[in-house]
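Chemist: Sequence plus the predicted model coming up.
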Amino acid sequence: MWNHTKGKDVRKVAHTPYGYRIENGIAVIDEEKAEKVRNLYKGYLSGLSLSVAAKSAGIDAYHGTAGRMLRNERYLGDDYYPAIIDKETYERAEAERVKRAKKLGRIFEPKTEDKPTIYKKFSIGQVIQKYTNPFTQAEYVYSLIESEVQQDGS
């Protein structure tokens, strides 16, 4: 979101990612915290769990928070946030995260469903009975509808 104030674009920040601070409306790297973020990536890539990597980096975070930090693309840098980590480190951490999740059975691939056969040709038998109740008559007539089935069963 942008807030146009006195001719300047100043971003409204709902939450500043860990490792940054805002000075005069501009995101700058907080070097002390940024080093902790880099150490989080290093620890995770060295084989530590998310929560242990965060703790060893000096970040007080549970595994869910540490995982979100590893997936935060803002650390790569964008038009507002300067880069804290390089793309190679980010991609290696993401690949490791996916590898671990697969190993633990936490990646759920969507199941492919067979598409139902849609029949487009129908025939109806001869209407012999007549009912006074229109619902009963409709039920009877609908029961006479048959779809054409091909020889291969489809």
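Modeler: Right, received. Where do you want to start? Numbers count the residues shown, from 1 in each chain.
Chemist: Show me where the protein has its strands.
Modeler: 2-5, 8-11, 20-23, 26-29, 122-124, 145-147 (DSSP state E).
Chemist: For the third one, buried residues please.
Modeler: By neighbour count with 16 or more other CB atoms under 10 Å, strand 20-23 contains the buried residues residue 20. In short, each C-beta sits where N, CA and C put it, glycine included.
Chemist: what's the average pLDDT for that strand?
Modeler: For strand 20-23, mean pLDDT is 94.
Chemist: Compute the distance from the centre of that strand to the centre of its chain.
Modeler: Mean-position distance between strand 20-23 and its chain equals 28 Å (CA atoms, centre = their mean, to the nearest Å).
Chemist: can you list the residues that contact that strand?
Modeler: With contact meaning CB atoms under 8 Å, 6 or more residues apart in numbering, strand 20-23 is reached by 13, 16, 27, 28, 29, 30, 33, 34, 74, 81, 84.
Chemist: could you dump the residues you listed to a markdown table with distance to residue 131, neighbour count and pLDDT?
Modeler: As requested, the contacts of strand 20-23 are exported to a markdown table (distance: CB to CB, whole Å; neighbours: other CB atoms under 10 Å; pLDDT from 0 to 100):
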| residue | distance to residue 131 | neighbour count | pLDDT |
| --- | --- | --- | --- |
| 13 | 71 | 13 | 47 |
| 16 | 73 | 13 | 92 |
| 27 | 76 | 20 | 93 |
| 28 | 82 | 13 | 95 |
| 29 | 81 | 17 | 96 |
| 30 | 81 | 17 | 96 |
| 33 | 80 | 18 | 97 |
| 34 | 80 | 19 | 96 |
| 74 | 70 | 17 | 95 |
| 81 | 73 | 21 | 95 |
| 84 | 77 | 25 | 97 |
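Chemist: Out of these, list just those in helices.
Modeler: 33, 34 (DSSP state H).
Chemist: Just the closest of the contacts of strand 20-23 to residue 111, please.
Modeler: Ranked by distance to residue 111 (CB to CB), these are led by residue 74 at 33.7 Å.
Chemist: roughly how far apart are the nearest residue to the closest one once chain neighbours are set aside and residue 146?
Modeler: Nearest residue to residue 74, sequence neighbours excluded (CB to CB, 6 or more residues apart in numbering): residue 81, at 4.6 Å. Distance, residue 81 to residue 146, by CB to CB, to the nearest Å: 65 Å.
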